[in-house]
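Enquirer: sharing a sequence plus its predicted fold:
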Amino acid sequence: MVAKTFRGLEDVLFNELKQLGASDLKKGNRMVEFTGDKDLMYRANFHLRTALRVLKPIAEFKVTDDKELYNKIQTIDWSIYFDLKNTFAVDSVVYSEHFSHSKYVALRVKDAIVDQFREKFQKRPYVDVEDPDVRINIHISNDLCTVSLDSSGDSLHKRGYRLKTNKAPLNEVLAAGMILISGWNKTDVFVDPMCGSGTLVIEAAMIANNIPPGIYRKKFGFETWNDFDNNLLENIYEEDSPEVESDIKIVGSDISEIAIRIAKENISNAGLKRKIDLHINPIENYIPPKTEKGIIITNPPYGERIKINEINSFYKGLGDKFKDRYKGYEVWLLSSNFGAIKHIGLHPSKKLTLFNGPLECKFLNYSIYEGSKKSKYN
Ligand SMILES: C[S@@+](CC[C@H](N)C(=O)[O-])C[C@H]1O[C@@H](n2cnc3c(N)ncnc32)[C@H](O)[C@@H]1O
């Protein structure tokens, strides 16, 4: 199978899959390949925090033009996978000199499938791009075409707890990936002082309490497949949720009252009200919980709508506050504003590249200890 993710999260996804018991693991670009049975496929969808979707390949062949593609798609017996009563949809990703339009590829595949059903049963199954019973994924790399069934359906970042968002919310998969990359030990105090709609604090509380991300989902793609095993999924729900009662402190704060109201709703949807404290406060005034060891993971404004000198001095202010008030904390900050980052005035001990949608970001780690010094170059 193939678990897909965002660029920069391949290592954490690899580790998650290893812990789930997947074998033959192989990292690629924005994905990890692995081997496993149906049980593992269900578990992967239910447990993986950093996967966007899990694909199950059903055919692989060489192809160099659309006629050949049509013919080879017709050699697959589609009635094994779905019936006339089911709806389907085709997604395609193409990196090939032989095919320039991924939409056209998807269309030809759809035609080949519809024509096969028509020839066999004199009737056709219908396409539903919004909520199909079976989602087919076509991946063409040069002349190699892989045909897969998408076992996730809707992207796995749609956990189901976030009904409302504020401005620029983080994707849930990216938020979980940031927390796992930080190596947070699930016991140190966790703070996001610019928490917006609360994605990081919610994902942190789920990680600390061992709550699987799939618990909130209404549906996975494989539930409408011909071979769906309801008992297997029920076992995973029932046996497989050793929720631990963690009483660690998780705190979110934001300057915006609206953001905190939305965060509150999302936290309540996730059933995490007792696990997360929220405050309305500008970071300029915010005093984090006093602790020997804490972690800040945050996603400050990148400054797209603010003047450059204002955002530079905002980041300088962040660095000053971290240095003064966050002694004992590991600070992790995600930002696409490389110019403003320089004004933080602290020397990062780690610097990674992640992507927030199309935006290339740095994910920086600052260790704040007694006497943290401004870096030399500043
Ligand atoms: C990029 S958004 C964070 C989004 C959040 N990670 C989420 O998933 O919804 C930045 C947040 O910083 C907040 N913010 C801006 N200036 C602030 C300040 N001075 N103090 C505290 N929060 C601030 C904004 O209200 C916004 O919610």
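Expert: It's in.

Enquirer: residue of the stretch 101-250 of the chain nearest the ligand, please.
Expert: Taking C-beta to the nearest ligand atom, the ligand has its nearest neighbour within the stretch 101-250 of the chain at G196, 2.7 Å off. (Glycine included, C-beta is placed from N, CA and C.)

Enquirer: for stretch 171-188, buried residues please.
Expert: 171-182, 184, 188 (16 or more other C-beta atoms under 10 Å).

Enquirer: alpha carbons of it, as CSV, please.
Expert: Output in CSV follows, covering the C-alpha atoms of stretch 171-188 (Å, rounded to 0.1, in the frame of the first residue of the first chain):
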residue,chain,number,x,y,z
ASN,A,171,-4.0,21.4,8.4
GLU,A,172,-4.6,18.7,11.1
VAL,A,173,-2.0,16.3,9.5
LEU,A,174,0.6,19.1,9.4
ALA,A,175,-0.1,20.0,13.0
ALA,A,176,0.2,16.4,14.2
GLY,A,177,3.4,16.1,12.2
MET,A,178,4.9,19.2,13.8
ILE,A,179,4.2,17.8,17.3
LEU,A,180,5.6,14.4,16.4
ILE,A,181,8.7,16.0,14.8
SER,A,182,9.3,18.0,18.0
GLY,A,183,9.7,14.8,20.0
TRP,A,184,7.4,16.1,22.7
ASN,A,185,7.4,13.6,25.5
LYS,A,186,3.6,14.0,26.2
THR,A,187,4.3,15.0,29.8
ASP,A,188,5.9,18.5,29.5
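
Enquirer: roughly how far is it from the heart of the chain?
Expert: Relative to its parent chain, stretch 171-188 has a centroid offset of 11 Å by C-alpha atoms, centre = their mean, to the nearest Å.

Enquirer: now do the helices in the chain.
Expert: For the chain, the helices defined by DSSP state H occupy 10-20, 38-47, 66-74, 102-121, 172-182, 199-208, 230-239, 257-269, 308-325, 338-341.

Enquirer: so of these, which one's packed in deepest?
Expert: Comparing the helices of the chain by mean neighbour count (mean count of other C-beta atoms under 10 Å), helix 199-208 ranks first with a mean of 26.

Enquirer: please produce CSV containing the helices of the chain, extended by mean pLDDT and distance to E130.
Expert: Shown next, in CSV, are the helices of the chain (pLDDT from 0 to 100; distance: least, C-beta to C-beta, whole Å):
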stretch, mean pLDDT, distance to E130
helix 10-20, 98, 27
helix 38-47, 98, 20
helix 66-74, 97, 23
helix 102-121, 97, 15
helix 172-182, 98, 20
helix 199-208, 97, 24
helix 230-239, 92, 23
helix 257-269, 96, 22
helix 308-325, 93, 39
helix 338-341, 96, 38
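
Enquirer: in TSV, list those along with distance to P288.
Expert: As requested, the helices of the chain are exported to TSV (distance: least, C-beta to C-beta, whole Å):
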stretch	distance to P288
helix 10-20	26
helix 38-47	31
helix 66-74	56
helix 102-121	46
helix 172-182	16
helix 199-208	13
helix 230-239	37
helix 257-269	16
helix 308-325	6
helix 338-341	21
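
Enquirer: looking at those, which is closest to K350?
Expert: Counting by C-beta to C-beta, K350 lies closest to helix 172-182 out of these; the figure is 8.9 Å.

Enquirer: list the contacts of the closest one.
Expert: Helix 172-182 is contacted from outside by 5-6, 8-9, 11-13, 15-16, 49-52, 156-159, 162, 170, 199-200, 203-204, 206-207, 213, 295, 297, 330, 332, 334, 352, 354, 356, 363, 365, using C-beta atoms under 8 Å, 6 or more residues apart in numbering.

Enquirer: spell out for me which residue occupies the centre of this protein.
Expert: Centroid check for the chain by C-alpha atoms, centre = their mean gives V173 as the closest residue, at 1.8 Å.

Enquirer: how about that residue: what's its closest non-neighbour residue?
Expert: In space, and not counting its chain neighbours, V173 is closest to H157: 4.3 Å by C-beta to C-beta, 6 or more residues apart in numbering.

Enquirer: contacting residues for that neighbour?
Expert: Per C-beta under 8 Å, 6+ apart, neighbours of H157: L52, N171, E172, V173, L174.

Enquirer: for these, which one is nearest S246?
Expert: For the contacts of H157, the minimum distance to S246 (C-beta to C-beta) is 19.4 Å, reached by E172.

Enquirer: what's the pLDDT at the closest residue to that closest one other than its chain neighbours?
Expert: Sequence neighbours aside, H157 is the residue nearest to E172 in space, at 4.6 Å (criterion: C-beta to C-beta, 6+ apart). Per-residue pLDDT puts H157 at 97.

Enquirer: from N269, how far out is H157?
Expert: Distance, H157 to N269, using C-beta to C-beta, to the nearest Å: 15 Å.

Enquirer: same check on D133?
Expert: According to C-beta to C-beta, D133 stands 27 Å off from N269.

Enquirer: pretty sure F228 contacts G221?
Expert: No - between F228 and G221 there is no contact under C-beta atoms under 8 Å: 10.0 Å.

Enquirer: out of the two, which sits in the busier spot?
Expert: With neighbours defined as other C-beta atoms under 10 Å, F228 and G221 compare such that G221 has more, 23 against 14.

Enquirer: quick one: residues contacting the more buried one.
Expert: N45, V134, R135, L149, D150, S151, S152, G153, D154.

Enquirer: isn't P193 right next to P288, touching?
Expert: Yes - the pair P193 / P288 is scored as a contact, 6.9 Å apart, by C-beta under 8 Å.

Enquirer: can you list residues touching both of those two?
Expert: Common contacts of P193 and P288, defined by C-beta under 8 Å, 6+ apart, comprise I296.
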